[in-house]
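Visitor: next comes the sequence, and after it the predicted model I'd like to discuss.
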Amino acid sequence: MDKQLPIHIDLLDKGFIELQDIMGDDNAIVAAARVSFLGESKGDIQDRKLIDYLLRNRHTSPFEQVVFKFRVKCPLFVARQWMRHRTWHLNEISRRYTSEALDFHFPDDWRLQSSNNKQCSEGSAESVIQQQFNQQTQSIVDTALQTYEQMVEAGIAREQARMILPQNMYTTFIGSVDLHNLLHFLALRREHHAQHEIRVYADAIYENFVKPFLPWTAEAAEKYLFS
Ligand SMILES: Cc1cc2nc3c(=O)[nH]c(=O)nc-3n(C[C@H](O)[C@H](O)[C@H](O)COP(=O)(O)OP(=O)(O)OC[C@H]3O[C@@H](n4cnc5c(N)ncnc54)[C@H](O)[C@@H]3O)c2cc1C
């Protein structure tokens, strides 16, 4: 697939994921695996089988030869989950430096607490409840933002004023990761126990960037990692 980069995908109400760069493809994995015995490509059928073999048997290092770089805009509570993945290399906007471009996430749907899983949600609240909490959330964000702006105006340090901004505030970061660790991230964050909002990002990475750029790896990952 031709690289027409960056590829920008809007997500949630004001977020996005952008593929900024990608190094390598399925052929790079095959080449890395075959360097062990100074071999080369043996044609599509054999090369595709080799990728299947490598993932099935967890010969993971050839997948580390492929590297992705993303720019991500997501709510703070999604970034906090994302940044638990220590194998990513990250740089994030600093609210010590800037008080510009503050955006907040407002969900389309308030989900209900799952009755049988303490960390999950299920179904949607009734529309009257949705309206009530949409209004209350808007009011809290307005108050927090107004107070933050007053603090900055009064000369309070940005590094301290930011503490009153809520968790639905968006943040932006650049993240790079190799394919082996990206597949691990996707296996954990596309799974049904992962929170809906981070799943939106993980699914977008998989559908828009992994599947089209690495179709043989995606095929094997669906069999051995995502099942
Ligand atoms: C559905 C879900 C619910 C979660 N709930 C919670 C929660 O309630 N509380 C909470 O604190 N976290 C929670 N987490 C986060 C989880 O515990 C992991 O921190 C996160 O998923 C990152 O996984 P990882 O460590 O495998 O990934 P990475 O940090 O990307 O690491 C990838 C792999 O590298 C290896 N590795 C990396 N660093 C080290 C190291 N220093 N030492 C040894 N091996 C290392 C490990 O094999 C690891 O699996 C949750 C995650 C998910 C998906």
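Guide: Structure's in. What do you need?
Visitor: next secondary structure element downstream of the longest helix along the chain?
Guide: For the chain, the helix with the greatest residue count under DSSP state H is helix 127-153. Past helix 127-153, further along toward the C-terminus, the next helix or strand under DSSP states H and E is helix 158-161.
Visitor: sec struct for F173, please.
Guide: Put simply, F173 is strand when judged by DSSP: H, G, I helix; E, B strand; the rest coil.
Visitor: in the sheet, who's paired with it?
Guide: Beta bridges link F173 to V72, E92, judged by DSSP bridges.
Visitor: count of neighbours near it?
Guide: 17 (other Cβ atoms under 10 Å). The way it works is simple: take the backbone N, C-alpha and C, and place the C-beta from them, glycine included.
Visitor: how near is it to the ligand?
Guide: The gap separating F173 from the ligand is 15 Å, by Cβ to the nearest ligand atom, to the nearest Å.
Visitor: didn't that residue look like it was pressed against V72?
Guide: Yes. When contacts are counted by Cβ atoms under 8 Å, F173 is listed as touching V72 (5.5 Å).
Visitor: list residues touching both of the two?
Guide: Between them, F173 and V72 share these contacting residues under Cβ atoms under 8 Å, 6 or more residues apart in numbering: A79.
Visitor: now do the residue nearest to the spatial centre of the chain against I9, distance only.
Guide: The centre of the chain sits closest to Y201, judged by Cα atoms, centre = their mean, with a distance of 4.2 Å. Here Y201 is placed at a distance of 9 Å from I9 (Cβ to Cβ, to the nearest Å).
Visitor: please enumerate the shared neighbours of the two.
Guide: Joint contacts of Y201 and I9 (Cβ under 8 Å, 6+ apart) are I17.
Visitor: give me the buried positions along stretch 3-20.
Guide: Buried residues in stretch 3-20, defined by neighbour count with 16 or more other Cβ atoms under 10 Å: 7, 11-12, 15-19.
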